[in-house]
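> Next comes the sequence, and after it the predicted model I'd like to discuss.
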Amino acid sequence: MTIRVLGIDPGLTRCGVGIVDVRADRRATLVDVTVIRTPPGMALEERLLAVGTGIERLLDEFGPAVVAIERVFAQHNLRTVMGTAQVSGVALHLAAKRGLPVALHTPSEVKAAVTGYGSADKKQVQTMVARILGLAEAPKPADAADALAIAICHAWRGGPVAADAGGGTDTALTPAQQAWRAAERSSRTSAAPRRLAR
């Protein structure tokens, strides 16, 4: 069984969108990755429209089974967090419009799933994303790699693939996947997506 996940690293200036196919054995394949950009000088409503149009095109073109979005946290820069929250709202709306389940994952959940360490830095995340997907180098900019990490995190932690976390052998897993599986066994936290009400 394979699940297709569309991951979103929400941002108003740069919104990363990554799509991966993940098999039941947790092997992940890159389907597409892009960064939707909007200039700061553009009116807010036009920027949100541009980001929404880009996400909508990818949803329709690649038909994911689930959408995973990085959960917004308060930051020192209020304008940045507001823009991030607004883009998240647009993505939630577009997923709900298509009846797709949505999962929100914290940055530490994403880092732990991909690297085995919840406080990993961006370079470590990028390196592991490239390794997991069998890429020669990490996708750039960081927003692209982050979006892929969010998609991988959901497939491993919250999607149907994660249901297999308690059994099977670790022989085919990468060191990061083995660390994640061990952490998952000990914590048994649920990150199951919720279906949005229409």
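Structure's in. What do you need? Residues are numbered from 1 along each chain as shown.

> what residue lies at the spatial centre of the protein?
Centrality entry for the chain: nearest residue to the mean C-alpha point is I150, 2.1 Å, by CA atoms, centre = their mean.

> who does the closest residue in space to that residue that isn't next to it in sequence bridge with?
Nearest residue to I150 in three dimensions, chain neighbours excluded: G7, at 3.6 Å (CB to CB, 6 or more residues apart in numbering). For every residue, glycine as well, the C-beta is placed using N, CA and C. Bridge pairing for G7 (DSSP bridges) gives the partners G18, A68.

> So what's the residue count around G7?
By other CB atoms under 10 Å, the residues close to G7 number 29.

> Kindly report the same for E137.
8.

> and the residue nearest to it when sequence neighbours are not counted, what pLDDT?
Once flanking residues are discounted, E137 sits nearest to A130: 5.9 Å by CB to CB, 6+ apart. In this model, A130 is scored at 96, pLDDT.

> so what pLDDT did the residue nearest to the centre of the chain get?
In this model, I150 carries a pLDDT of 98.

> so which helix or strand takes in it?
helix 142-153 (DSSP states H and E).

> Mind giving me the packing neighbours of that helix?
Counting by 3 or more CB pairs under 8 Å, 6 or more residues apart in numbering; DSSP states H and E, the packing neighbours recorded for helix 142-153 are strand 2-9, strand 14-23, strand 28-37, strand 66-70, helix 107-115, helix 122-133.

> still on that earlier bit, which residues does the residue nearest to the centre of the chain contact?
7-9, 18, 68-70, 105, 110 (CB atoms under 8 Å, 6 or more residues apart in numbering).

> and with 7 Å instead?
7-9, 68, 70, 105, 110 (CB atoms under 7 Å, 6 or more residues apart in numbering).

> May I ask which of those has the most neighbours?
In the contacts of I150, the most neighbours by other CB under 10 Å go to A68, 32 neighbours.

> how close does that one get to S88?
Using CB to CB, to the nearest Å, A68 is found at 12 Å from S88.

> residue with max distance from the center of the chain?
G41 (27.6 Å).

> for it, helix, strand, or coil?
Secondary structure, DSSP: H, G, I helix; E, B strand; the rest coil: G41 is coil.
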